[in-house]
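Asks: sharing a model that was predicted from the sequence below.
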Amino acid sequence: MDIIEILKEDYQRFPINQTYSIYAPEVYFQDPMNKFSGVKRYKQMINFIETWFLNPKMDLHNIQRLGDTIKTEWTLSWNTPLPWKPRISIPGWSELGLNSDGLIISHIDYWNCSRLDVVKQHFFS
């Protein structure tokens, strides 16, 4: 199956049952909150989201491949497990770099909002 189709399916069922075999073992991951290397750490981060976030959802708006780079545009949303269960939404995009074997070697997420904006959503929605 084509990596684009695999990613589309992963986004639809995120964070459940992600396809980790499309990542190089030493994949580099970065977002505004985290920076690390390795599929094991990436799995731990996804498992954290699955375990602690309520109703997590990843809406994929666009995906395109340009040579050895895949760009995705998305909105991640969830309910935080606070008594009032606020719905949090982060629009952003990812740049996925592919190695010569077609595996994802880097996954860098960018947010269209600040970390402070995300914190504010917990209290002013």
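Replies: The structure has been received and is ready for your questions.

Asks: quick one: low-confidence ranges for this protein?
Replies: 125 (pLDDT under 70).

Asks: do a quick rundown of the helices in it.
Replies: For the chain, applying DSSP state H gives helices covering 3-13, 39-52, 115-121.

Asks: show me what counts as buried in the shortest one.
Replies: Meaning helix 115-121. 118, 121 (16 or more other C-beta atoms under 10 Å). All C-beta atoms are positioned from the backbone trio N, CA, C, and that covers glycine.

Asks: mind giving me the packing neighbours of it?
Replies: With contacts taken as 3 or more C-beta pairs under 8 Å, 6 or more residues apart in numbering; DSSP states H and E, helix 115-121 sits against strand 87-98.

Asks: buried set for the strand it packs on?
Replies: For strand 87-98, by 16+ other C-beta under 10 Å, it's 88-90, 92, 94, 96-98.

Asks: which one, of the helices of the chain, ends up nearest to Asp109?
Replies: helix 39-52 (10.9 Å; C-beta to C-beta).

Asks: from His122, how far off is the residue sitting furthest away from the middle of the chain?
Replies: Most distant from the centre of the chain: Pro83, at 25.5 Å, with distances by C-alpha atoms, centre = their mean. With distances taken as C-beta to C-beta, to the nearest Å, Pro83 is found 11 Å from His122.

Asks: give me the phi and psi for Phe14.
Replies: phi -50, psi 140 (degrees, to the nearest 10).

Asks: contacting residues around it?
Replies: 56-58 (C-beta atoms under 8 Å, 6 or more residues apart in numbering).

Asks: show me which of these is closest to Tyr28.
Replies: Sorting the contacts of Phe14 by distance to Tyr28 puts Met58 at the head of the list, at 20.2 Å, by C-beta to C-beta.

Asks: if I pick that closest one, what's in contact with it?
Replies: 11, 14-15, 74-76.

Asks: nearest to Lys35 among those?
Replies: For the contacts of Met58, the nearest to Lys35 is Leu76 (17.6 Å; C-beta to C-beta).

Asks: show me what that closest one is bridged to.
Replies: Judged by DSSP bridges, the bridge partners of Leu76 are Met58, Ile90.

Asks: next, count neighbours for it.
Replies: By other C-beta atoms under 10 Å, 21 other residues sit near Leu76.
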